[in-house]
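Novice: All I have is the shape, not the residue letters:
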DNA sequence: TTGAAACATGAGTCAACATTCAGGTTCGGG
DNA sequence: CCCGAACCTGAATGTTGACTCATGTTTCAA
């Protein structure tokens, strides 16, 4: 893969990134500004001039760093993907088993979304603005996830089942919960939501075997 | 709800729909053409002239039936919502219990998506083009769904749990599966996918109790 | 100190629509 | 046959905004 200077963003400029410190600072400002603007106004409502104004640079400067409007957008999607994967693998890294990992993962995901609302929107809009970037985002994600599930099944930590289908169902569930409770209702109790969600993912809807048992 | 003439689409024209047969035919042509165009090129890439050309009418005619580009789009989203709800309630109407209803529902949903790829895309893009219509779509949907789950829980057909969270998780799962296997991989075996998905939703990831278990 | 590479700038170009409008055409009841 | 309502039309208007470019300014190594 490409080197990711600073925070993992692939720069533009044909081949090489900025050479000087000033250049790197300007690139970062543009990227941050673009993320903000795209995040709140959406791709089509965002003008390059909005981005450069927010970044505090001249309009022409944008094209010193990016070939086109679409290019920044793609860079942002890729960046978000890397960050999300990083946050999740961190949160899950010392889970004792897969079921616990699921529980931790969904919770970390909701928190992450809430902390990055605008970039989250960018990813979702990519489906229409940059379909390739969107599919790449989920492909990368699902490849790793599927791997995890398959191995867990082999270890007997989860039941057998089509890992691919499960991965997409689980990603979909998380995505919608992120939208509803992370973006739309950002006052909701993330803990309670992720508990309920994890319970569904782990135990399903089926009634528990009746027993005198309980916690 | 509002009267839905013909196929459930809310017409434009300030207050009343077309008065003559010719008018109704033209409206329907425009609606169909718009659905097609928006579905394959997306909202922003679709020009009104594309729609009118596909419909075989003059450019100005569009504005006889719709106040704006956004208005057709919203009409389409609403129409798709009504159709989806109808298809699902049909498919589920004589399920013996909720778990079976879930199984049938997910399958019917995948089939429906595959039969209406373009309108499906319209709904998803509504998130950015007409957020209100999008939220309305899912609110209507989730209200009914939540109701179903709550009652089923009361009847003991499913376990207890936060119905709202479950509904959003389940809608998310279905949506993503629809995207992956209904739109992207339209050659996939819908039956196998929906079986695997239903199994996950019903039984979760947890390993099944060993046979001859205690209970 | 100096020259050239790197970086910055914003007025101007240009194509792409959404929407309007003034003037037809068709239809149906009287 | 006649008239008004309903319907149809596409050229013209006006706006918007991505992208270019000719001309600076800054940086830094030699």
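Specialist: Nice, I can see it. Everything quoted here is computed from the prediction, not taken from an experiment.
Novice: got the contact list for the nearest residue to residue A:160 once chain neighbours are set aside?
Specialist: Leaving aside its sequence neighbours, residue A:160 sits nearest to residue A:153 (C-beta to C-beta, 6 or more residues apart in numbering or on different chains; 5.4 Å). C-beta: built from backbone N, CA, C; applies to glycine. By C-beta atoms under 8 Å, 6 or more residues apart in numbering or on different chains, the residues touching residue A:153 are A:159, A:160, A:161, A:163.
Novice: Now do the buried residues in the one helix or strand residue A:144 maps to.
Specialist: Per DSSP states H and E, residue A:144 falls inside helix A:131-154. Within helix A:131-154, the residues that count as buried by 16 or more other C-beta atoms under 10 Å in any protein chain shown are A:133-134, A:136-138, A:141-142, A:145-146, A:148-150, A:152-153.
Novice: swap in stretch A:36-49?
Specialist: A:36, A:37, A:38, A:39, A:42, A:43, A:46, A:48.
Novice: does the helix or strand harbouring the second one come close to chain B?
Specialist: In other words, residue A:37. Element membership for residue A:37, per DSSP H and E: helix A:21-41. No: if you take C-beta under 8 Å from any C-beta of the partner chain as the test, helix A:21-41 misses chain B, and the best it gets is 10.3 Å.
Novice: Equivalent analysis for stretch A:118-130, please.
Specialist: Yes: applying C-beta under 8 Å from any C-beta, one finds stretch A:118-130 in contact with chain B at A:124, A:125, A:127, A:128.
Novice: number of nearby residues for the residue of chain A found nearest DNA strand C?
Specialist: Using C-beta to the nearest atom of the strand, the closest approach of chain A to DNA strand C is made by residue A:60 at 1.7 Å. By the criterion of other C-beta atoms under 10 Å in any protein chain shown, residue A:60 has 9 neighbours.
Novice: Let me know the helix or strand that it is in.
Specialist: Residue A:60 is part of helix A:59-65 when elements are defined by DSSP H and E.
Novice: Please identify the buried residues of that helix?
Specialist: A:61, A:62, A:65.
Novice: centroid residue for chain A?
Specialist: In chain A, the centroid-proximal residue (C-alpha atoms, centre = their mean) is residue A:84; its distance is 4.2 Å.
Novice: need the residues of chain A near DNA strand D, please.
Specialist: Contact residues, chain A versus DNA strand D (C-beta under 7 Å from any atom of the strand): A:20-22, A:45-49, A:59-60, A:63, A:68-70.
Novice: May I see these organised as JSON lines, with pLDDT added?
Specialist: Converted to JSON lines, these look like this (pLDDT from 0 to 100):
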{"residue": "A:20", "pLDDT": "94"}
{"residue": "A:21", "pLDDT": "94"}
{"residue": "A:22", "pLDDT": "96"}
{"residue": "A:45", "pLDDT": "98"}
{"residue": "A:46", "pLDDT": "98"}
{"residue": "A:47", "pLDDT": "98"}
{"residue": "A:48", "pLDDT": "98"}
{"residue": "A:49", "pLDDT": "98"}
{"residue": "A:59", "pLDDT": "98"}
{"residue": "A:60", "pLDDT": "98"}
{"residue": "A:63", "pLDDT": "98"}
{"residue": "A:68", "pLDDT": "98"}
{"residue": "A:69", "pLDDT": "98"}
{"residue": "A:70", "pLDDT": "98"}
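Novice: now, among those residues, which is nearest to residue A:93?
Specialist: Among those, residue A:21 lies closest to residue A:93 (C-beta to C-beta), at 34.0 Å.
Novice: Number of residues surrounding the closest one?
Specialist: Neighbour count for residue A:21, taken as other C-beta under 10 Å: 8.
Novice: now do the one 3 residues further on
Specialist: Number of residues near residue A:24 (other C-beta under 10 Å) recorded here: 15.
Novice: Same question for residue A:93.
Specialist: Other residues near residue A:93 come to 9 when the count uses other C-beta under 10 Å.
Novice: Then residue A:67?
Specialist: That count, for residue A:67 with other C-beta under 10 Å as the rule, works out to 11.
Novice: which SSE is it in?
Specialist: Using DSSP H and E, residue A:67 is not contained in any helix or strand.
Novice: helix/strand/coil for residue A:19?
Specialist: Secondary structure, DSSP: H, G, I helix; E, B strand; the rest coil: residue A:19 is coil.
Novice: So for it, what pLDDT did the model give?
Specialist: Here the pLDDT value assigned to residue A:19 is 93.
Novice: So which residues on chain A come close to DNA strand C?
Specialist: Along chain A, the residues adjacent to DNA strand C under the rule C-beta under 7 Å from any atom of the strand are A:13, A:18-20, A:22-23, A:26, A:57-61, A:63-65.
Novice: switch to 10 Å and redo it
Specialist: A:11, A:13, A:16-27, A:29-30, A:48-49, A:52-53, A:55-65 (C-beta under 10 Å from any atom of the strand).
Novice: Return the list of helices and strands in contact with the host helix or strand of residue A:79.
Specialist: Using DSSP H and E, residue A:79 maps to helix A:69-92. Counting contacts by 3 or more C-beta pairs under 8 Å, 6 or more residues apart in numbering or on different chains; DSSP states H and E, helix A:69-92 packs against helix A:21-41, helix A:98-115, helix A:117-129, helix A:131-154.
Novice: For those, please prepare a markdown table with the additional fields distance to residue A:204.
Specialist: Formatted as a markdown table, the helices and strands packed on helix A:69-92 follow (distance: least, C-beta to C-beta, whole Å):
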| stretch | distance to residue A:204 |
| --- | --- |
| helix A:21-41 | 35 |
| helix A:98-115 | 12 |
| helix A:117-129 | 27 |
| helix A:131-154 | 15 |
